[in-house]
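**Student:** sequence first, predicted model second:
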Amino acid sequence: MSTPSKSRAIIEIAIVLGIMLGVKDVLDRFEVIAAGSIAMWVGIGTSTLFMRQHGITWKSFGLTLPKGGTAWLKTLGIALATVVGVLVFMLLIMPLVGQIVGVEVPDDAKDRFAFLVGQPLKFIAYLVVVIWLGAAMGEELMMRGFLLNYLGNFFGDSKKGWVLAVVVHAAVFGSLHIYQGIYGVIGTGIVAVVFAVVYLRVKRKLVPVILAHGILNSLSLTAYYLSGGIV
């Protein structure tokens, strides 16, 4: 495995993100459901092609399953602890941050899920395909796998370099949630920092953050569905 040069790394990042945004823009114009997830996987496919040129696999970035029951229990424990931490932040701290900054979630931010209300089969399909495959799996591969590691390579394998990589990758992740307004950008950006720290602390293993991401999004969407779109 060889790491790309700094100039090559930043060019490949720009191409991957550019293709993702372009695909999402086209799909949004046609009002395609799960446009973001489709664009994310197109980006993953593009990044995979670049990675192969450097002899990098997704396993190199931590896409490996835990081995044995003890390892799975530890992985699940890390995921659940991450979920609890993020929920405490989003439910108790983020509203205070919003008040201080003077921003709040746009009224129409949740309307994009209105088509699921009262539609159990659509809800289950969306939960599996979009929430778990698109958001949990797709976003973690792209954001914590590809982007964070490429930025780590670009800024240098040092404490300062990884701090910069975490901050920049979080800014990118947050900006992808602009449909939630500035409130959403700040909130998801900080959540990205939490996921990145967990990912790095567990020696760059993706499964714990994939599980945490999936559980968090599942809880949020399920609460929205069960409340009839109120929560």
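**Tutor:** Arrived safely. Numbers count the residues shown, from 1 in each chain.

**Student:** so for stretch 50-61, mean pLDDT?
**Tutor:** Taken as a whole, stretch 50-61 carries a mean pLDDT of 97.

**Student:** how far does that stretch sit from the chain's center?
**Tutor:** 19 Å (C-alpha atoms, centre = their mean, to the nearest Å).

**Student:** what lies in contact with that stretch?
**Tutor:** 1-4, 12, 15-16, 48, 141, 145-146, 149, 204, 206 (C-beta atoms under 8 Å, 6 or more residues apart in numbering). All C-beta atoms are positioned from the backbone trio N, CA, C, and that covers glycine.

**Student:** same thing with stretch 212-228?
**Tutor:** 78-80, 82-83, 86-87, 110, 113, 116-118, 123, 126-127, 131-132, 135-137, 139-140, 195, 198, 230-231.

**Student:** ok, the spatially most central residue of the chain - contacts?
**Tutor:** With distances taken as C-alpha atoms, centre = their mean, the residue of the chain nearest its centroid is Glu139 (3.7 Å). By C-beta under 8 Å, 6+ apart, the residues touching Glu139 are 40, 173, 213.

**Student:** for the closest residue in space to Leu65 that isn't next to it in sequence, give me its contacts.
**Tutor:** Excluding the flanking residues, the one nearest Leu65 by C-beta to C-beta, 6 or more residues apart in numbering is Val207, at 6.5 Å. Applying C-beta under 8 Å, 6+ apart to Val207 gives the contacts 62-66, 75.

**Student:** picking that back up, can you tell me which of the contacts of stretch 50-61 are buried?
**Tutor:** 3-4, 12, 16, 141, 145-146, 149, 204, 206 (16 or more other C-beta atoms under 10 Å).

**Student:** packing partners of the helix ranked longest in the chain?
**Tutor:** Counting residues, the longest helix in the chain under DSSP state H turns out to be helix 6-29. Contacts defined by 3 or more C-beta pairs under 8 Å, 6 or more residues apart in numbering; DSSP states H and E place helix 6-29 against helix 35-53, helix 148-155.

**Student:** coming back round to it: so which of the contacts of stretch 50-61 comes closest to Ile93?
**Tutor:** Within those, the smallest distance to Ile93 is 26.0 Å, found for Leu206 (C-beta to C-beta).
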